[in-house]
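**Student:** okay, predicted coordinates and the sequence, questions at the end:
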Amino acid sequence: MEKDPATCENRVGLGAAARVSADAATTRKIGASEDGEQQAQDVGGPVLKSTERSPAFPASTTLGLDTVNGMMRSRYVTGIGILGESNSGKTACLVSLYLLVSNGLLEGWTFANSASLTGFEDIARAARAWNDGHPPDQITLHTEMADDRQPGLLHLRLKRKSDSRRVDITLPDLPGEWTEALVKSSRSDRLEFMRSAETVWLVVDGKALRELSTRQGAITRLGELLGRLEWMTKECPPKVLVVVTHRDKGELGQSIRDRLGAEIAKRALRAEIVEIAPVAEDETICKSGFGIEALLDASVGAASEAPEFWASTTPTEGSRAYLGYRSDR
């Protein structure tokens, strides 16, 4: 009695038509319930699907300390510190390294990745503007920091050809005024990140060392800088490399090397002297990029020689060896 009379199978004049209408009514109810469930699921969802965006370069040209710290938590990163007075050639070292790697001219190394390509391109832009095959008067512009308290770091991942080892390195591009303030007034608050550096480059203007009138001043300031660095990193001393630029002006004389060595010997930190020529004005003496690979190898460590897998030995006659057991029988 509670059912709809129109759905009765025995009703005269209905039969198959009644069954069709009943099935249609049931289908409408099921479809309505499914639509209701779908609408309930869509409530609160996005109206339109977001478009897929292509990867883009980061807005910042250099990396901050927080970004580098996050990178170090995921893999091993070799931190390299760079100190030097204004116009000593710090940025030129970075530009030369980047241009050699990007053009596949750094022997023994290949490019693997970089999280700061825009930063490298920014400092290398002036080096690309040549005039009839002649380099510009000033390869790099003076480094200026957007934040006078935070360093800007550059990142490179390189693959060594000899052992296929991948090396992540970070290098700071700092103004020379930071180094000068460290030497003159011991201001080191902006250089706290140097305490975790494995290697530190002390960049010295090679022209100042070769000029008799400026030589002693350059050597004395280098000794003072080495002393400040020793005080900063006394808990964990880094490897120190004294990087002398303008190798294209000729090799340092032995007397100059001896005076540099005597100044370095006054400090507890040991240092190795590396001569480089980021951009050579006279390529008859050396080519641009001279010494960059040696500087990189000294910073991250040279590849260790692989031991011989199965050394062949010749048994000595008369010696007791399993190889000669019953060999005469």
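**Tutor:** Received it, and whenever you're ready, just let me know what you need.
**Student:** how near is Cys236 to Val200?
**Tutor:** Taking Cβ to Cβ, to the nearest Å as the criterion, Cys236 is separated from Val200 by 12 Å. (Each C-beta comes from the backbone N, C-alpha and C, glycine too.)
**Student:** more neighbours: which of the two?
**Tutor:** Neighbours were tallied for Cys236 and for Val200 using other Cβ atoms under 10 Å; the higher tally belongs to Val200 (26 against 9).
**Student:** wait, the more buried one sits on Leu83?
**Tutor:** Yes - between Val200 and Leu83 there is a contact at 6.6 Å, judged by Cβ atoms under 8 Å.
**Student:** show me where the stretch 201-329 of the chain has its strands.
**Tutor:** When secondary structure is read from DSSP state E, counting those that start in this stretch, the stretch 201-329 of the chain shows strands at 239-244, 271-275.
**Student:** quick one: average pLDDT of the shortest one?
**Tutor:** Strand 271-275 comes out with an average pLDDT of 97.
**Student:** helices and strands around that strand, which ones?
**Tutor:** Under the contact criterion of 3 or more Cβ pairs under 8 Å, 6 or more residues apart in numbering; DSSP states H and E, strand 271-275 touches strand 239-244, helix 254-265, helix 292-300.
**Student:** and among these, the most buried is which?
**Tutor:** Ranked by mean neighbour count, the helices and strands packed on strand 271-275 are led by strand 239-244 with a mean of 22 (mean count of other Cβ atoms under 10 Å).
**Student:** just want the angle from that one to helix 292-300.
**Tutor:** Angle, strand 239-244 to helix 292-300, by axes from the mean of the first three to the mean of the last three Cα atoms, to 10 degrees: 160 degrees.
**Student:** and strand 239-244, what does it pack onto?
**Tutor:** Applying 3+ Cβ pairs under 8 Å, 6+ apart, one finds that strand 239-244 makes contact with strand 199-204, helix 212-232, strand 271-275, helix 292-300.
**Student:** tell me where the model's unsure across the stretch 51-200 of the chain.
**Tutor:** Applying pLDDT under 70 to the stretch 51-200 of the chain picks out residues 51-60, 126-149.
**Student:** count of neighbours near the residue nearest to Leu106 when sequence neighbours are not counted?
**Tutor:** Excluding its sequence neighbours, the residue lying closest to Leu106 (Cβ to Cβ, 6 or more residues apart in numbering) is Leu100, at 4.2 Å. Applying the criterion other Cβ under 10 Å, we find 20 residues in the vicinity of Leu100.
**Student:** just the CA trace of the helix or strand hosting Leu100, in PDB.
**Tutor:** Taking DSSP states H and E as the criterion, Leu100 maps to helix 90-102. Taking Å, rounded to 0.1, in the frame of the first residue of the first chain, the C-alpha atoms of helix 90-102 are listed here in PDB:
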ATOM      1  CA  LYS A  90      89.000  39.200  -5.900                       C
ATOM      2  CA  THR A  91      86.100  39.500  -8.300                       C
ATOM      3  CA  ALA A  92      88.400  38.900 -11.300                       C
ATOM      4  CA  CYS A  93      89.200  35.500  -9.800                       C
ATOM      5  CA  LEU A  94      85.500  34.600  -9.700                       C
ATOM      6  CA  VAL A  95      84.900  35.900 -13.200                       C
ATOM      7  CA  SER A  96      87.800  34.000 -14.600                       C
ATOM      8  CA  LEU A  97      86.800  30.800 -12.900                       C
ATOM      9  CA  TYR A  98      83.200  31.100 -14.100                       C
ATOM     10  CA  LEU A  99      84.200  31.900 -17.700                       C
ATOM     11  CA  LEU A 100      86.600  29.000 -17.900                       C
ATOM     12  CA  VAL A 101      84.000  26.600 -16.500                       C
ATOM     13  CA  SER A 102      81.200  27.900 -18.700                       C
END
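**Student:** you'd agree the residue nearest to Leu106 is up against Gly289?
**Tutor:** Yes - using Cβ under 8 Å, Leu100 and Gly289 qualify as a contacting pair, with a distance of 4.9 Å.
**Student:** which residues do Val200 and Leu83 both contact?
**Tutor:** Met194, Leu229 (Cβ atoms under 8 Å, 6 or more residues apart in numbering).
**Student:** show me what the helix or strand following the helix holding Leu100 is packed up against.
**Tutor:** Tracing the chain past helix 90-102, the next element assigned as helix or strand by DSSP H and E is strand 109-113. In terms of contact count using 3+ Cβ pairs under 8 Å, 6+ apart, strand 109-113 is assigned the packing partners helix 90-102, strand 153-160.
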